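Colleague: my questions concern the predicted model and sequence given below.
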Amino acid sequence: MSDIVNLEHGVDQSAEEYITVMIADQLFGMPILEVQDVFMPETVTEVPLASQDVAGVLNLRGRIVTAIDMRKRLGLPDLEENKPRMAVGIESNGESYGLIIDKVGEVHRLSDETFEVNPANLDPRWVAISAGVHRLDGSLMVVIDVEKVLAQKETVIAA
C-alpha cells in the first residue's frame, strides 16, 4: 500500500496514526491520540429519557462512561443481536464516552498527503461526523471528527 507510511524507513513527520473501525461495512478512522480505550461493552444500563442514540451508561474500570450507539447516531439499522460489538473510549470536556461500533481494525500511519476534504458524493451521514477522508488501496477511510460526533444531538440525518 503506497498510501501507508513505511515505518521501517523512518518516521514521516507529516503522518498521523489512526485506529480503524467498521460501522455498517464502512471503514472509519479515528486519530489514535484521541482514543483512550478499546473494549467490549458488557452491561450497559439504560438512561431514562436519554436520546435514542445514547445506549446508556457503563462502568469501565471504575469510570462511568456514556455509551453512544454509532449506528443509531448515524441513522443506520441495528446490528444483528447475536453479533459482538466493540467500543472505542474517548474523553471530551472531562466526560468519558464509549462509541459503540461494529468492530475495530488495525492502526494505520497515513501521510497527510493522502488526506482530502469530504468528496461531494460522500454519504451525508458520514459527512456529519467526518473531518475528511483518506483514499486507501481499494477503500475510502472516513476520518471521524470526535467533536462533531459529540456535538450532534439525536440524529435527524436523512439517508
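Modeller: Cool, the structure landed.

Colleague: only C-alpha atoms for contact and neighbour calcs from this point on.
Modeller: Noted.

Colleague: got the buried residues for the longest helix along the chain?
Modeller: In terms of residue count, the longest helix belonging to the chain (DSSP state H) is helix 146-151. By neighbour count with 16 or more other CA atoms under 10 Å, helix 146-151 contains the buried residues 146, 149.

Colleague: quick one: mean pLDDT for that helix?
Modeller: In this model, helix 146-151 carries a mean pLDDT of 92.

Colleague: can you list the neighbours in contact with that helix?
Modeller: Helix 146-151 is contacted by residues 30, 34, 92, 128-130 when judged by CA atoms under 8 Å, 6 or more residues apart in numbering.

Colleague: can you count the residues close to residue 139?
Modeller: If you count neighbours by other CA atoms under 10 Å, residue 139 ends up with 10.

Colleague: use 27 as the first number from now on
Modeller: With the count now opening at 27, the last piece we talked about shows up as residue 165.

Colleague: state the pLDDT value of it.
Modeller: The model reports residue 165 with a pLDDT of 88.

Colleague: what bridges to it?
Modeller: Going by DSSP bridges, residue 165 is paired in beta bridges with residue 162.

Colleague: from residue 52, how far out is it?
Modeller: As judged by CA to CA, to the nearest Å, residue 165 and residue 52 stand 9 Å apart.

Colleague: is residue 97 in a helix, a strand, or coil?
Modeller: Three-state assignment for residue 97 (DSSP: H, G, I helix; E, B strand; the rest coil): helix.

Colleague: contact partners for it?
Modeller: 49-50, 79, 103-105, 126-127.

Colleague: residue ranges with poor pLDDT in the chain?
Modeller: Applying pLDDT under 70 to the chain flags the ranges 27-39, 179-185.

Colleague: quick one: buried residues of stretch 155-172?
Modeller: By 16+ other CA under 10 Å, the buried positions in stretch 155-172 come out as 155-160, 167-172.

Colleague: in TSV: the residues you listed, plus secondary structure.
Modeller: Listed next are these as TSV, based on three-state DSSP:
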residue	secondary structure
155	coil
156	strand
157	strand
158	strand
159	strand
160	strand
167	strand
168	strand
169	strand
170	strand
171	coil
172	helix
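
Colleague: all good on my end, thank you.
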